[in-house]
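*Asks:* Mind looking at a prediction? Sequence and model below.
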Amino acid sequence: MIALQDVSVRYRLIRERRRTFQAHVIAYIKGRRIEKETLWALRHISLDLRKGEAIGIIGPNGAGKSTLLKVISGVIKPAEGTVIANGKIAPLIELAAGFDDELTGRENIFLNASILGFSRKQIEDRVSSIVAFSELTDFIDTPLKHYSSGMVARLAFSVATEANPDTLIIDEVLAVGDVRFKQKSKERISEFKDRGVTILFVSHDMEQIRNLCDKVLWLDHGKVKMLGEPSQVTEAYLSSSS
Amino acid sequence: MVNSLEEAREIFRYRELLRNLVSRDIKTRYKRSALGFLWVMLDPLLMLLIFYVIFAGLFGKSVGKYSAYVMTGIIMWQFFSQGTKVASLAFIKNRNLINKIYLPKAIFPLSVVASSLVHFIFSLVPLFIIILSSGAGLSLNLVMLPYVVSMVFIFSLGIALTVSTLAVFFHDITYIYDVLLMGWMYLSAIFYPVSILPPHLQFLMAFNPLYHYISLFRGSLYDTSQFTMEHIILGSVFALLSFFIGWMIYFRNRDSLLFYL
């Protein structure tokens, strides 16, 4: 179950980002104070998701979609409001962020799974099914730098989805690997849905959203513009942007 | 306080990640070099050679077992300085992960100091060779070595947390810290005896934690006269103080780090 109550996230935009002492000193001599501008990346968001529900999140760039996912997965603490997210959350957000080129596929499985918070035992139990799903058995002891980008993505997808999560967070990464693997990963995600895994799905592909989601949230400038039936919301969104 | 404990528990929950980060560091650091992991041992030996050639004539007479004296200094100094120097970039270098996935962030500076500890342990091999070949016997104080090493580890972790957190807000910190380390090295009696310093500077050495740690290190290996209560007490106080300050700085800023990375 996921419940957000009146959640707001604030980014402090410093107009000139002064990262060095030199810049600070110069600004001080000139008598300028740091101008801080606040940007509300999310404003008063309330949202309830039941177990097994799939929600699509749409909106233009900079609407706060990724920020919303980060708040739910605990990366960002909201400035206001409360977030309740029970159970294990697996983020499929730019999957390969935790990989190391110099390590082999197998070593990377251990590294990436421990980034997701797994214990050694849990990882050892899953290694063989991760390798099998990724179809990389022949390359698993090869350093990652010799992999193609599609192979890296396949491995990352396999690690994250083997997590057996209660909630799956997907940020536009369904387009993984070749046509066949894409199909396979879509099937795996539908299986998750059937098993009662809650899914949060950010995408610009309205077709995918309609296929997968039970409801859709349309964000604009950090606020909820519309929340409801997938067909209604996606239609309204498409007609507003055209 | 309660929250601090919770954060500590989270770090413990991610111990497998800590292990993987350390083993990745060990595996990849020397992967592209021909001699590989041997460099962990060659590096202090080559430094010893340089110091020996330059300074043995100058200090060799007033310091007994000069090569053992310098080697202990180098290895203890590198344990501290390498760990904290690399750790200063711990958050900045891992910004990709910190930005995308929830993690107890302190795991990054912690893993850097931990892998410095692993290097330290391997470099004990050439150290023992040097000590034994210089004719000094190993002392029974050796049983205290784990305590001494823990002190340095905790001290380094405190500095690592401080520097890595501050470096996110002010990138200059990493450069300032580099320069600071260089001066600090010359002040830590690595290749000269403290007795050559003027009296007022000798007194100030009491405020240099590394001086205590290096002395205790020598004291627990071969020169028992350096294993004093004063070094143990001051060394422990500095370790706790450093850890407490570092943890507070990290803990208070851990949620806002993200917005500056």
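*Replies:* Noted; the coordinates are in hand. Residues are numbered from 1 along each chain as shown, chains lettered A, B, ... in the order given.

*Asks:* For the stretch 101-250 of chain B, just list every one of the helices.
*Replies:* Taking DSSP state H, counting those that start in this stretch, the helices of the stretch 101-250 of chain B run over residues B:107-133, B:145-169, B:172-186, B:199-204, B:209-221, B:229-253.

*Asks:* Buried deepest among these, which one?
*Replies:* Mean neighbours per residue, mean count of other Cβ atoms under 10 Å in any protein chain shown, is largest over those for helix B:209-221, with a mean of 25. C-beta here means a position set from N, CA and C on the backbone, and glycine is covered the same way.

*Asks:* which strands and helices sit next to it?
*Replies:* For helix B:209-221, the elements it packs on are helix B:66-87, helix B:145-169, helix B:229-253, judged by 3 or more Cβ pairs under 8 Å, 6 or more residues apart in numbering or on different chains; DSSP states H and E.

*Asks:* Could you report the neighbour count for the residue nearest to A:A85 when sequence neighbours are not counted?
*Replies:* Nearest residue to A:A85 in three dimensions, chain neighbours excluded: A:I2, at 5.0 Å (Cβ to Cβ, 6 or more residues apart in numbering or on different chains). Neighbourhood size, A:I2 [other Cβ atoms under 10 Å in any protein chain shown]: 21.

*Asks:* A:I2 reaches A:I84, doesn't it?
*Replies:* Yes. Using Cβ atoms under 8 Å, A:I2 is in contact with A:I84, at 6.9 Å.

*Asks:* Could you pull out the residues contacting both of these two?
*Replies:* In terms of Cβ atoms under 8 Å, 6 or more residues apart in numbering or on different chains, A:I2 and A:I84 are not both contacted by any residue.

*Asks:* what about dumping the CA coordinates of the lowest-mean-pLDDT helix or strand in chain A to PDB?
*Replies:* Across the helices and strands of chain A, the lowest-confidence element by mean pLDDT, DSSP states H and E is helix A:21-29, at a mean of 73. Only the C-alpha atoms of helix A:21-29 are listed here, as PDB (Å, rounded to 0.1, in the frame of the first residue of the first chain):
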ATOM      1  CA  PHE A  21      34.700  30.100  -2.000                       C
ATOM      2  CA  GLN A  22      36.000  32.500  -4.700                       C
ATOM      3  CA  ALA A  23      32.500  33.100  -5.900                       C
ATOM      4  CA  HIS A  24      31.200  33.600  -2.400                       C
ATOM      5  CA  VAL A  25      33.900  36.100  -1.600                       C
ATOM      6  CA  ILE A  26      33.300  38.100  -4.800                       C
ATOM      7  CA  ALA A  27      29.600  38.100  -4.100                       C
ATOM      8  CA  TYR A  28      30.200  39.200  -0.600                       C
ATOM      9  CA  ILE A  29      32.400  42.100  -1.600                       C
END
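
*Asks:* Restricting to C-alpha, output the next helix or strand after that helix in PDB.
*Replies:* Downstream of helix A:21-29, the next assigned helix or strand under DSSP states H and E is strand A:36-49. Extracted C-alpha coordinates of strand A:36-49, given in PDB (Å, rounded to 0.1, in the frame of the first residue of the first chain):
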ATOM      1  CA  LYS A  36      17.400  31.800  -3.400                       C
ATOM      2  CA  GLU A  37      14.500  31.000  -5.400                       C
ATOM      3  CA  THR A  38      12.200  28.100  -4.400                       C
ATOM      4  CA  LEU A  39      10.700  25.900  -6.900                       C
ATOM      5  CA  TRP A  40       7.900  23.500  -5.700                       C
ATOM      6  CA  ALA A  41       8.600  20.400  -7.700                       C
ATOM      7  CA  LEU A  42       5.500  18.900  -6.100                       C
ATOM      8  CA  ARG A  43       2.700  20.700  -4.500                       C
ATOM      9  CA  HIS A  44       0.000  19.200  -2.300                       C
ATOM     10  CA  ILE A  45      -0.100  15.800  -3.800                       C
ATOM     11  CA  SER A  46      -2.300  13.200  -2.200                       C
ATOM     12  CA  LEU A  47      -2.500   9.800  -3.600                       C
ATOM     13  CA  ASP A  48      -3.700   6.400  -2.500                       C
ATOM     14  CA  LEU A  49      -2.700   3.100  -4.100                       C
END
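
*Asks:* quick one: the residue lying farthest from the centre of chain A from B:I233, how far?
*Replies:* The C-alpha centroid of chain A is most remote from A:I29, which lies 43.3 Å away (Cα atoms, centre = their mean). The spacing between A:I29 and B:I233, counted by Cβ to Cβ, to the nearest Å, is 46 Å.

*Asks:* A:G228 now?
*Replies:* In terms of Cβ to Cβ, A:G228 sits 68 Å off from B:I233.

*Asks:* for the chain, what are the low-confidence residue spans?
*Replies:* Went with chain A since none was named. Counting by pLDDT under 70, chain A contains low-confidence residues at A:13-19, A:31-37, A:93-95, A:173-177, A:242.

*Asks:* not what I meant, chain B
*Replies:* B:1.

*Asks:* Identify the residue nearest the geometric centre of it.
*Replies:* Geometric middle of chain B (Cα atoms, centre = their mean) lands on B:F80, at 1.3 Å.
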